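Trainee: Quick one: sequence plus predicted model below, questions after.
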Amino acid sequence: MKEKFDAIVVTNNNGGLFVKGKRYSHAKKLEVANKFLELFVSNLENPPTVKAVAKSAKVSAFFARKIMNEIKILGDIVDPSIIKKYQRTKNKCGKGSVKLELRDRKYILVLRTEKPERPNYNYVQELYKKYDKKVHTY
């Protein structure tokens, strides 16, 4: 099946190609993450800057920062199709959402005490498993 492609391909400041309004693929996110980790490992004393990662991966500084934060906060790279699916669900957030109850906050503290290096998304999963409570990390 051929994919219809009616978009203008643009070159960013670092020489990379992108389509305005379209998400980068999971493969591109992994490529940027790999560049970040390569630069990080090559000089452990000085972590790479957003500008250095962006230039190396040929993406915008905004996208490089997004990937770097995803690695730092989640400890992993999330597939864009999962993000898109999650955004379409009817999870309450923003106006009309509910606050965490005291028992939820206590449970999060227990989880943190057990494993302080736990990524944020794991707290979301654990709250859902234990109390069937849907929350987000942002």
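Mentor: Looks like it arrived, so ask away.

Trainee: which is the next helix or strand following the worst-scoring helix or strand of the chain on mean pLDDT?
Mentor: Least confident helix or strand of the chain, by mean pLDDT, DSSP states H and E, is helix 80-88 with a mean of 69. Next in sequence after helix 80-88, counting helices and strands by DSSP states H and E, comes helix 102-114.

Trainee: average pLDDT across that next one?
Mentor: Taken as a whole, helix 102-114 has a mean pLDDT of 89.

Trainee: got the buried residues for the helix or strand that that helix is followed by?
Mentor: Sequence-wise, the next helix or strand downstream of helix 102-114 (DSSP H and E) is helix 120-131. Within helix 120-131, the residues that count as buried by 16 or more other Cβ atoms under 10 Å are Tyr123, Val124, Glu126, Leu127. For glycine as for every other residue, the C-beta is placed from the backbone atoms N, C-alpha and C.

Trainee: before we move on, what about stretch 58-78?
Mentor: Across stretch 58-78, burial judged by 16+ other Cβ under 10 Å covers Lys58, Val59, Ser60, Ala61, Phe63, Ala64, Arg65, Ile67, Met68, Glu70, Ile71.

Trainee: dump the residue contacts of the fifth one.
Mentor: Contacts of Phe63 were listed using Cβ atoms under 8 Å, 6 or more residues apart in numbering, and they are Tyr24, Val32, Ala54.

Trainee: Give me the pLDDT value at it.
Mentor: 91.

Trainee: now swap in the last one and tell me
Mentor: Here the pLDDT value assigned to Ile71 is 87.
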